[in-house]
Every structure is written in C-alpha cells, then in structure tokens.
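[1] Sequence and predicted structure, then a few things I'm wondering about:
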Amino acid sequence: MDGDSSKIEKKNIEENWSTTVRFAGDSGDGMQLTGGRLTFEAAISGMGLATFPDYPAEIRAPAGTTFGVSSFQVRFGKGLIASSGDHADILVAMNPAALKVNIKEVLPGGLIIIDSSSFNDRGIKKAGYEENPIENNSLSGLQIISADISNLTVEAVKEFNLGNKDSLRCRNMWTLGLILWLFTKEVNETVAWLEGKFGKDNVLTKANIAALNAGHKYAENTELSNDIIRKIVPKVKPAKGKWRAITGAESLAFGLATGAQKAKLNMTLCSYPITPASPIMHYLANYKLKGIGIYQAEDEIAACCSAIGVSYAGGLGVTSSSGPGISLKTEAIGLAISVELPLIIINSQRAGPSTGLPTRAEQSDLMQAIYGRHGEAPLVVLAPKSPSHCFEIAQKAIDIAIKYMTPVMILSDAYLTNASEPWLIPDINKIKEKAVSFGEYKENFMPFERDPITLARKWVKPGTKGMEHRIGGLEKDSISGNISYDPENHQKMTNLRSQKIKNIQNELDDININGPEKGDLLVIGWGSTNGPISEAQDELSKKGLKISHIQVSCLWPISDNLKEIASKFESVIVVEMNEGQLYSILKTEGITKAQSLTQVSGKPIRVSYLLEKFKKIIKSEK
Amino acid sequence: MGINEKPIELKPADYASDQEVRWCPGCGDYAILNAVKRTLADKQAKKENTVFVSGIGCSSRLPYYMATYGFHTIHGRAPAFATGIKLTNPELDVWIITGDGDSLSIGGNHFIHLLRRNLNCQLLLFNNEIYGLTKGQASPASRTGTVSPSTPEGSLESPLSACELALSSGATFVARGVDTAIKQLVPTLSKAQDHIGTSLVEIYQNCIVYNDDVFKSFTDKSLALEKQIHLENGEPMLFGENNMKGLAINEDYSALEIVDLQKNAKDISRVLVHDYKNKTIANLLTQMDQNSMPVALGVIYCVEKPTLEKYYSEKLNSHNNDIGKIMEKGQTWTI
C-alpha cells in the first residue's frame, strides 16, 4: 500500500506490485474485521484487491485449538489482482494454533507477526507443538516480529477500566496499528471509521483507538524499521466513480433485486438456512427494497416449491442453497422444468459429498446442475467468475428465465460468496427495463402453445379471466397441456424441452477470449478459478507465450463456438476444482484434444501451480 | 364480459373442466368433487380467482377436473406451492387438495408448518386410510393391524390423527366431513372458505378398491345417527335418534362421555354447548375413540389469528428502499 505520510521514516522500504497479508486467530479474535479494515485501507488507495476469508464450520470452537482457527487473507496491488494470492507475504498469528495452521501459507522470506504472550506452554501444547516454534529454529528464513501484544494492549487501554477480557478484545486493533505502519500508513482513516461505526463517545471506541495508536507507535518506537523490510505497493489509477468493496453474496443479492425490478416483477427469495448460502437471504432481508421479499421455509424442498409457487402466481421465484439443499430441491426443479415456469436456483457450492467441508469451495456440482434430475430435464446453468460478475450473472439469469420460461441455475461457490473485490457502483438508472408481458385474454388459449423463436410458452397468471387452465407434472399434450400418455407426444415434448434450452446459446455473448485467437495453449475455466487462471495467463503472455483463456459463464447449453475456437490451439486444458466435470462435458461436445487439470482440496487453485503446468504443456508441444 | 352485461349465474357444472374424470367408479372422490363444485356455485366464486393446488395421489388429480386455475404439483408439497402463490397474490382463493399419504407422511412437515403459519387457504385432506394410487399399501392413517401388500401380517404402527396433529400444530380451523354426506359437507366447506386462515377439512373418503367400508362403522346409514355427531357452534352437542344423546365432560377422567337423555332427562344440563373457540374441548372431540363414542363432524375448532400472507404483504408494502442508495450505503470511496 502506498504511504501517506512524510512523517514516517522511509527506511528499508521495497516496492512490490502486490502484497498478501493473512490474519489468523481464534474465531473470536476479530480477524475477519481486522482483515476487512485493511482491505478498505487498500481500496481507498485505489488498489486492485481480492480477499479470501477462510473459517471453520464451527462457530466458536475451543480457544487455542487448530480447528478453531479462522483467517482472512487480503491481496492488494496494482495491475491484475484477480486472485487472493498463493502465499502470504505477511502472516499475523494471534496464537500458536494460528501459526501452526497457516505457516505453510507463508512465502520464504515472509514476515510473521505473533503475540508472544500466547506462546506459553499451555498454548503451545494446545496447538499440538512439541516445543516453542519460535525458539527451535523452525521458522528460519522468515522475518519475525514477536511482541507481547496481549500485555501491550491491556496496558494501552488501562485507563478505560474495561477488565481483562474486554481489554484483550482490542488486540486486533493493536495489531492493525502495527500493520498500517508496515505499509507506511497513518491511523487517522481507521480512527474515523471506528468513531463512525461505534460512536465517538463510546468507551469501547476510545479503547480500540488507544490500542490502534499503541500498535502503530510500538513499531515506530522500537525502530522495527532497522530490522524489517517493508514492502509497499505504488499508487495506481482505477476508473473514475464511486467505489465500494463487494462480496459475491452481496453482488448476487443486488443482481437479483435489480433484475426483478427491471422486469417489473415482485421477487421472493425462498430459502432455508445453509452454509455458505445464507448471506444472500440475509442481505435481501435487510435491504427492504421495493417489491423484494424473502421467505424462510421449513425445509429446502419447501423453499424450492414455494419459489415455484411465486413464479406460478406471476412473481419471480428464487431459491438459494448449497449442495445438500440443492439435492433436496431436485424433484421440485424437475416440476418447474415440466410446467415451464421461470425459476432462479442459486447453488453456492461447497466442498465434498454429504456435509463435506461446508465453508470451503469446490466446483463439483456441475454435473448435478446439468444432468442431476430424473427424466430428460434440461435447464440453463450459469456461473459467475468473480464477486462483481455475480451482479451481471444474476440479471442475465432472470432475463433468460423469463424469456424462455425455464429454471436457470447459478453456480456460485463458497469462495465467491465470501470473497470481495472493489466494485465501481453501477448507475442503476442506466440498466434497461424489460417489463414482463403476461398472457392476457385470448380466445381458444392453449397453455403450451409456443413462441416460434424462443419456444417459450406464455406466462399466464391466475387471476386472468377467461384463461383458466391446469398445469402439472404429468406429461402434457404439446399444445393443449391436457394430460397425455401418447408416445409421439412424449417424444415431441422431450425434443421441445431440449431444443428450447439449446436455443439459449444464441442469447449469450459468452465466449470472451483473453489472449490471441490461435496459439499454443487455450485454458478453459469456469467460476471462481478465473482469478488464478487470469493471472497465470497474464504472466505467461508477458513472457511471449501464445496462451489464451476463456472463462465459460454459460455451462449449459455449451456454446457451439467453443469447439471452433478450441480447434485453433495446439493444446486445450480445462482447469476446475472437481475431478474433471467440465472436461468430460467438453469432450462429449467434441473438444477431443482437451486435457484436464484439477484440484479438489477445498482451497483456491494457486497461480504458481497453474504456471508450472501450463509451461510444461507448452514445452511438450515444441 | 362487457361492463354492462349481467353476470351469468354459475352452476356447479360450470366449474367442471372438459376433462374426463379418471377415478374408479364408486370412489368417494366423485362425491367430494361434487361438493366442492356446489360450494363454489353457492358462493358464485370467480373461476379466475380460484386456484386448486394438489400433491400426488388419487385425490390430487382433482384440479384437472375443475374449470378454475389448477396446479398438480409433487408428492406432499402442495402447501409449499400454495404458500408461494398466496405470498405473491393474496387475493387468490387457494384450495389445497391432498390425501392422508400426501399430507401425513411425505408432506407431514409442510402440513404442520402451513397450519402454524396460518396461510389463508383451504386444505381438504381426503382420508381413505390407504395409499390408493400405488395399489393399496398401509398409510400413516391406517389402523393398527391393517393388512396390505406392504404389511401382509398387519401393520404394527399406530395411526396418526390429522385433526389432533393440526390442533397441536397451531391450526386455526379444524373440521371434518364424510364424502357422501354432501348435505353436511357443503356447509362445512363453505365455512372453511369463509375462515380467514388455514382451514383444514378432513374428509373421510371411501376407497372402494383397496380399503372399502373402512369407515362403515359410522358412515353406514343404519349406524350414522348413533355414531356421528354434527357440531354446530353455540348448539348443544346432541346426537342419536331424536337427539336423545349428548356429550358431557366426565370429570373423573377429564374426557368426554355420552349421556343418555332417555334414561335421565336431567342430564341435559350436563350436555356441552359447542364453542368452537375452546381448544381443550376441540382436543377431546378429536380424541374420541370411534368404538365407544360418536365421530365428531362439522367445524370442531375455529379461531382468528393473523395470516402469513397479510404479515408478508404488509412487510413488503413497507419496503421502500431504492437499490441504488443501498448500494452506496456503508464504506465507499470516490476516485
């Protein structure tokens, strides 16, 4: 981050194009808040940035244990910052467990900041260390700032008589003060933020400010600059306008609400609590936007069914969940396909089968999204590639669902949901209105008559006089909609449902190719792998390699153009966080030379890993 | 229809769709379908504002036979669809059509939560104590000992009582009827439709193929008078020939008992007057043992409570925030 004060001594300072800081501590240590604050400091300096909150499924696991460690990683810099960083340049470890869990994330030569008072016998043992890692040379090659943060904080806030417990809760601000000094930043912006957030006269505000100042001064007074090399990022110039940070969950919430309002529809998000999807419901519940409501159903199935009920009655039904919940909704989704009603289904994918790793990301629900229903039951599958892209995808999903009278599934993931990036706030008034035209009275109305181009049937809501009709899950006559067991009709309906979805590929300006149109390697990815793939492609292009990247946002139907584009490359590799699901689909779609590169660890793919693999492929071609 | 045209009076037949009814000949569902059509005709219900939503099972085919809007959904979930419909358009008159398997087994969860939330709709539970459409397996309403393809040695499980379950789930309207007793069923359906909140009507429905005569002990013409009590709010709970029997509280057992007025005319003072707001009595009425007591029919329980869709739409109508402004809330920076 760029420095903002000439007062700060500029000794031992290096410029870096990006820096990654990881905060780690117990779930209750306030690491997410501290990381969030540093993120904002970077944002107002105009940096590009990406964050990665990483927390366990347990709400507050026992203090000091490795399974209770929560962390927050932020990477900022100039140029392309699309991933939250392979490794941390700086690790803040509030206790031995936090160090143990995160030490492998730190770059050689990186900086570790620890609270020495927590490295007592009890803490060390609890973390599962045999001996004190600071004293046994296991951290050699790293820079270490070991400060008695606990006692220094308690001392700094003594005058406020908070008691030991509340005093210690200011440790995160003390640490933030130190971090700001590392980036040659002053504390004033954070002071203003604390005062705004908690009230100027609040004793806790005052204590936190005192701790913040103490951390900052500690660095100055102990002349850390003699020992520590500070890596700051030079100033950059982003687009003009009003900016904010946005997570994928919030971006989806804004996108859904915007799409519904532009379609002139009331929207109800029908959901059931599940990690990591719930924030979408919370945001929409709290926004209190015109015509936008939420309904918390008794279970996942009811959530999906009530969303279909909303659409049947002429609203926009949305249901949001994660893997286990999506499995439960599956039968109802089949009904929405059969009766051809608009429906938006969001899957914030998490890792593993069954309960798996609820707070970790994976892309292993792709096959389920495309094929995972009984009968031939096609729908549209879209995937956003970044937090801000969620806003666009949500609106696109609504457009398609309405125009084609079909369910659309959005595949987000646990990473996108929680990760944030700077977002240029859009001018809502500039987004085009597309009011829905419901079916009005017409003589001899046939519920399954279709638009000849889109193949969509007419959306007629109950309450429309003279248009009374029945729909349901039994196979229906292709025109009248009456129950039909006729074999030829079933074949026809199967074809129609399939063709309708295939037609949607004409809707999408999906295939944005990043890099030359022909070359040595085409990398195909989808969803949240966009960050690391983009950075790897960027780096190798700069080195003169002919490598291009497509992040597919419409996963079903697959665009016919993709095969054509792929044919112009020597090699094609499909990168994803599953065992090769998109790869298998692309093979079936005729991209026979595709290779697969996968990772299923619950963690984002590292840029360094991609660089190594991509270079190897290109080399093997020569 | 033009503004100046007189509304045409709708007859029960006007509520029938052009689709052929596909139930077994002699099925109790025919009688219920007729009762529903008569109820709508009595009220001159607007076809366009009426929606029948059903799950899966024999009963759930009913929407196809109505000339109103209809949605035949998936097994057990009709209450959830109905909820979405009413949240979006509270003006629609929604009728949920379901059976004992649909509502008490696979859809048990939705059934109790619908009642708890008090969505303004009617739920007609066709109870034939068997799975008909899947060829006769025991259902959660089947009596212990029921012999069926899945319980060849007789079922071991205790049956679930829809009305008892409803009362404990917070239902605001609980009623019962018999399929063929159309004279009593139509007014009960009518009251159900009048009630603002979820109206449960459990209808004893004879499955002629898989569970014929299961309700004979109280529906048979020769027994009906002695084995049925038709409740009317504000009226004494009398039944039997010449209304010579009544229901009273047995204080020793905190239960209901039969008093015979022929034997002791003075007992008339002990006969309960039906107050459908009294939940304790409603519980006792639904708990009566069919062997020794009459079956309670008509409106057993009815109270007023706010409805889900009213709460939801009031909240939604108060929503006034502009999305552009919300996006700019919190920490922003300008470049």
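    The structure has been received and is ready for your questions.
[2] make it CA atoms for all contacts and neighbour counts henceforth
    Fine.
[3] Flag every residue of the stretch 1-150 of chain B that's near chain A.
    Within the stretch 1-150 of chain B, the positions adjacent to chain A are B:19, B:47-51, B:63-64, B:67-74, B:77, B:80-89, B:92, B:109-110, B:113 by C-alpha under 8 Å from any C-alpha of the partner chain.
[4] Narrow the residues you listed to those in helices?
    B:80, B:81, B:82, B:83, B:84, B:85, B:86, B:87, B:88, B:109, B:110, B:113 (DSSP state H).
[5] how about the strands in chain B?
    Assigned by DSSP state E, the strands in chain B fall at B:50-54, B:69-72, B:93-99, B:121-127, B:130-131, B:137-138, B:173-178, B:198-204, B:228-231, B:238-239, B:245-250, B:255-260, B:295-302, B:332-334.
[6] from the stretch 151-300 of chain B, which residue is nearest to chain A?
    For the stretch 151-300 of chain B, the residue closest to chain A is residue B:169, as judged by C-alpha to the nearest C-alpha, at 13.4 Å.
[7] quick one: that residue and residue B:109 touch, right?
    No - using C-alpha atoms under 8 Å, residue B:169 and residue B:109 do not qualify as a contacting pair, with a distance of 10.4 Å.
[8] Might you list the low-confidence residue ranges for the stretch 501-622 of chain A?
    A:509-510 (pLDDT under 70).
[9] tell me the contacts of the closest residue to chain B within it?
    Taking C-alpha to the nearest C-alpha, chain B has its nearest neighbour within the stretch 501-622 of chain A at residue A:501, 22.4 Å off. With contacts defined as C-alpha atoms under 8 Å, 6 or more residues apart in numbering or on different chains, residue A:501 is in contact with A:378, A:379, A:380, A:404, A:557.
[10] Mind jotting down where the helices sit in the stretch 301-450 of chain A?
    Listed in chain order, the helices found in the stretch 301-450 of chain A under DSSP state H, counting those that start in this stretch are A:323-339, A:366-371, A:387-404, A:414-418.
[11] about what we covered before: wait, which of the strands of chain B is closest to residue A:424?
    With C-alpha to C-alpha as the measure, strand B:332-334 is the member of those nearest residue A:424 (9.2 Å).
[12] helices and strands around the closest one, which ones?
    strand A:242-247 (3 or more C-alpha pairs under 8 Å, 6 or more residues apart in numbering or on different chains; DSSP states H and E).
[13] Run through the neighbouring helices and strands of the strand it packs on.
    Packing contacts for strand A:242-247, counted by 3+ C-alpha pairs under 8 Å, 6+ apart, involve helix A:31-44, helix A:387-404, helix A:414-418, strand A:420-424, strand B:332-334.
[14] now the angle from the longest one to strand A:420-424?
    Angle of helix A:387-404 versus strand A:420-424, following axes from the mean of the first three to the mean of the last three C-alpha atoms, to 10 degrees, is 70 degrees.
[15] Off-centre distance for helix A:387-404?
    Centre-to-centre, helix A:387-404 and its host chain are 16 Å apart (C-alpha atoms, centre = their mean, to the nearest Å).
[16] how close does the residue positioned nearest the centre of chain A sit to residue A:347?
    Nearest to the mean C-alpha position of chain A, counting by C-alpha atoms, centre = their mean, stands residue A:416 at 0.6 Å. Separation of residue A:416 from residue A:347 (C-alpha to C-alpha, to the nearest Å): 11 Å.
[17] ok, now residue A:589?
    Noted for residue A:589: a distance of 24 Å to residue A:347, by C-alpha to C-alpha.
[18] higher neighbour count, those two?
    Comparing residue A:589 with residue A:347 by other C-alpha atoms under 10 Å in any protein chain shown, the one with more neighbours is residue A:347, at 26 against 14.
[19] Please name the bridge partners of that one.
    Beta bridges link residue A:347 to residue A:321, residue A:411, judged by DSSP bridges.
[20] tell me which of the ones in helices among the residues of the stretch 1-150 of chain B next to chain A is nearest to residue A:485?
    Once C-alpha to C-alpha is applied, the member of these that ends up nearest residue A:485 is residue B:81, at 25.2 Å.
[21] What about that closest one, how many residues nearby?
    Residue B:81: 29 surrounding residues under other C-alpha under 10 Å.
[22] How much space separates it from residue A:335?
    With distances taken as C-alpha to C-alpha, residue B:81 is found 11 Å from residue A:335.
[23] what sits in contact with each of those two?
    By C-alpha under 8 Å, 6+ apart, the residues touching both residue B:81 and residue A:335 are residue B:73.
[24] and the residue positioned nearest the centre of chain B, what does it touch?
    The centroid of chain B falls nearest to residue B:201 when counting by C-alpha atoms, centre = their mean (1.9 Å). Taking C-alpha under 8 Å, 6+ apart, we find residue B:201 in contact with B:122, B:123, B:124, B:125, B:174, B:175, B:176, B:177, B:188, B:189, B:192.
[25] Dump the residues you listed to JSON lines, plus neighbour count and pLDDT.
    Formatted as JSON lines, these follow (neighbours: other C-alpha atoms under 10 Å in any protein chain shown; pLDDT from 0 to 100):
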{"residue": "B:122", "neighbour count": "27", "pLDDT": "98"}
{"residue": "B:123", "neighbour count": "30", "pLDDT": "98"}
{"residue": "B:124", "neighbour count": "26", "pLDDT": "98"}
{"residue": "B:125", "neighbour count": "25", "pLDDT": "98"}
{"residue": "B:174", "neighbour count": "28", "pLDDT": "98"}
{"residue": "B:175", "neighbour count": "25", "pLDDT": "98"}
{"residue": "B:176", "neighbour count": "27", "pLDDT": "98"}
{"residue": "B:177", "neighbour count": "28", "pLDDT": "98"}
{"residue": "B:188", "neighbour count": "21", "pLDDT": "98"}
{"residue": "B:189", "neighbour count": "27", "pLDDT": "98"}
{"residue": "B:192", "neighbour count": "24", "pLDDT": "98"}
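[26] which one is residue A:571 nearest to, not counting chain neighbours?
    residue A:521 (4.8 Å; C-alpha to C-alpha, 6 or more residues apart in numbering or on different chains).
[27] hang on, that neighbour is in a strand, isn't it?
    Yes - counting by DSSP: H, G, I helix; E, B strand; the rest coil, residue A:521 falls inside a strand.
[28] shouldn't it be in contact with residue A:572?
    Yes - Residue A:521 is within contact range of residue A:572, at 5.7 Å (criterion: C-alpha under 8 Å).
[29] What count of nearby residues applies to residue A:601?
    15.
[30] What residues does it make contact with?
    Here residue A:601 is in contact with A:351, A:362, A:577 (criterion: C-alpha under 8 Å, 6+ apart).
[31] just the buried members of those?
    A:351, A:362, A:577 (16 or more other C-alpha atoms under 10 Å in any protein chain shown).
[32] Show me which of the residues you listed is closest to residue B:23.
    Comparing those against residue B:23 with C-alpha to C-alpha places residue A:351 closest, at 47.5 Å.
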